[in-house]
Structures are given as C-alpha cells and as structure tokens.
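Participant: what follows is a predicted protein model with its sequence.
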Amino acid sequence: MSTTSARLLQRAFPLVKTHGFTRTALARAALDLPEPHAEPLPDAAVTALFGHGDDARRTLVRAWLEDARCQMKHANPSHMRDVLHARLRTNEPVLAHLPEAFALLATSSRLLPLDPFPVLEHAARVADQACWIAEPHAKEMEWYTRRATVSAIYLAAELHQLTSPKTAASFLDGLLANSGAVREVALYGSYILDSLKGIAKSRGLL
C-alpha cells in the first residue's frame, strides 16, 4: 500500500462514525490531511487508490479492523477478560456501521455468495493478539488451543454485540467463564454462519 493510501486511511477512521465504511469517508479523508485538499477526492481517485466499487469499502473495513486490533496493546496485559472487553469497546463508536462491514467482508469472494473466512480470520487475529498480550508465556500447543477457543468466544460476543450492545459484555463474560463448553470452534460454526447470512441479507448484499 502506498504512503498516500495509508495516510488517507488513517484520516478516514474518524469519519467512519458519521459516514460509515464508505467511499465518501475515503474521499473526505483528503480534507483532513496535514496539507488538506480543497475538495474531497474525486471518485476516480478513490478507485485508483483503494479499489473499484465495494472493494474500496472493504479496504477501509480491513484497515479499521487492523487499527482496532493494534489498539488492544493498550489494554490491561494481565487479564484476557479486560483485553477482550477493551476490543469490544473499540467497536462502540462505529457499531451502527459494523453489520454492513462484516457483510462486505463475507461477500468479498468472487466464487462464493457468502464466504465466512474473512470474518473468521479477523476473529483469529484478535485472538492471536489477545493471547500474546494476556498469556505470553503459554506453551506452544496450549497457546494454539487457547487461541482457537478465544477466537470462537470473541467472534460470538462480537456478533452478539451487533444486535444487543448492552448485553455484549455480560455475554462475553459468560462465555469466558464457561470456555470449556466452546473448546471446539465448530460448535459456533452454525451460529456464526447464520449470523453472517442474516447480516448480509439485511444489507441487501445477498
């Protein structure tokens, strides 16, 4: 990614709250550069820098998720609960736009109408970061098993947050307290797939 694209993405993050994960947010990011443009980027420039159509929006979604993951480093490093709660709180300012963001990721495949892999990959990266922060001394096999469990727990809590923000924290705590019940990620496979399918349909992407 070019330096210009990276700078514009950083400037677009605060605009997601008001403009969503849209080409408009990317275009208006040019107004907030250290040397601001007089006008938003033309659509052709957004395409050249970030991709055609919804691909540009997906670029913004992926960059925002990566930035949110990096912010986890500022959480309390001694408790998995605090790390994951902090990550969920990062969602709150843009929560209204996250269902469409996940729908965009899940409909990014050229071959499949619904591909959960990008969303599962997002959860795995959050779990990876959380485990390194909260459990840096875990043994290798224990660490991989824990990461799979945390990934399933976090994604279930995040999808729950989209529909019931006020109960997301307690829902997460319940899963963490009973993590033995979700040792196998497959236990949440049906729930995750049904949730993504419902989100994509509600946003007109399926």
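Facilitator: Sure thing, it's come through. What you are looking at is a predicted structure, and each value in this text was computed from that prediction instead of being measured.
Participant: around Tyr144, how many other residues sit close by?
Facilitator: As a burial measure, Tyr144 scores 12 neighbours (other C-beta atoms under 10 Å). In this view, the C-beta of every residue, glycine as well, is placed from N, C-alpha and C.
Participant: whoops, Ala148 was the one
Facilitator: Using other C-beta under 10 Å, Ala148 has 17 other residues around it.
Participant: helix or strand: which one has it?
Facilitator: Ala148 belongs to helix 140-163 when assigned by DSSP states H and E.
Participant: roughly how far out does the next helix or strand after that helix sit from the chain middle?
Facilitator: Remark: after helix 140-163, the chain's next helix or strand is helix 168-177, criterion DSSP H and E. Distance, stretch centre to chain centre, for helix 168-177: 19 Å (C-alpha atoms, centre = their mean, to the nearest Å).
Participant: list the helices and strands the helix holding Ala148 packs on?
Facilitator: The contact analysis (3 or more C-beta pairs under 8 Å, 6 or more residues apart in numbering; DSSP states H and E) places helix 140-163 against helix 80-91, helix 98-106, helix 117-134, helix 168-177, helix 189-202.
Participant: winner for burial among those helices?
Facilitator: helix 98-106 (a mean of 23; mean count of other C-beta atoms under 10 Å).
Participant: which phi and psi values does the residue lying farthest from the centre of the chain adopt?
Facilitator: Most distant residue from the mean C-alpha position of the chain: Ala38, 31.4 Å away (C-alpha atoms, centre = their mean). When read as degrees, to the nearest 10, the backbone of Ala38 gives phi -70, psi -30.
Participant: next one: it relative to Arg23, how far apart?
Facilitator: 19 Å (C-beta to C-beta, to the nearest Å).
Participant: tell me which element the residue most central in space within the chain is part of?
Facilitator: Centroid-nearest residue in the chain, with C-alpha atoms, centre = their mean: Leu65, separated by 4.1 Å. Using DSSP H and E, Leu65 falls within helix 53-71.
Participant: show the contacting residues for Ala63.
Facilitator: Under the criterion of C-beta atoms under 8 Å, 6 or more residues apart in numbering, the contact partners of Ala63 comprise Leu9, Ala12, Phe13.
Participant: of those - the most surrounded one?
Facilitator: Ranking these using other C-beta under 10 Å puts Ala12 first, with 25 neighbours.
Participant: hmm, who's touching the helix or strand that residue falls within?
Facilitator: Counting by DSSP H and E, the element that carries Ala12 is helix 3-12. Contacts with helix 3-12, where a contact means C-beta under 8 Å, 6+ apart, come from 25-26, 28-30, 32-33, 41, 49-50, 59-60, 63, 67.
Participant: what residues are up against the residue nearest to Arg62 when sequence neighbours are not counted?
Facilitator: Take Arg62 and drop its neighbours on the chain: the residue closest to it by C-beta to C-beta, 6 or more residues apart in numbering is Leu105, 7.6 Å away. Contacts for Leu105 (C-beta under 8 Å, 6+ apart) come out as Arg58, Val61, Arg62, Pro118, Val119, His122.
Participant: again, only using 7 Å
Facilitator: Leu105 makes contacts with Arg58, Val61, Pro118, Val119, as judged by C-beta atoms under 7 Å, 6 or more residues apart in numbering.
Participant: my guess is the first one contacts Leu104. True?
Facilitator: Yes. A contact is recorded between Arg58 and Leu104 when judged using C-beta atoms under 7 Å, the distance being 5.2 Å.
Participant: thanks a lot, catch you later.
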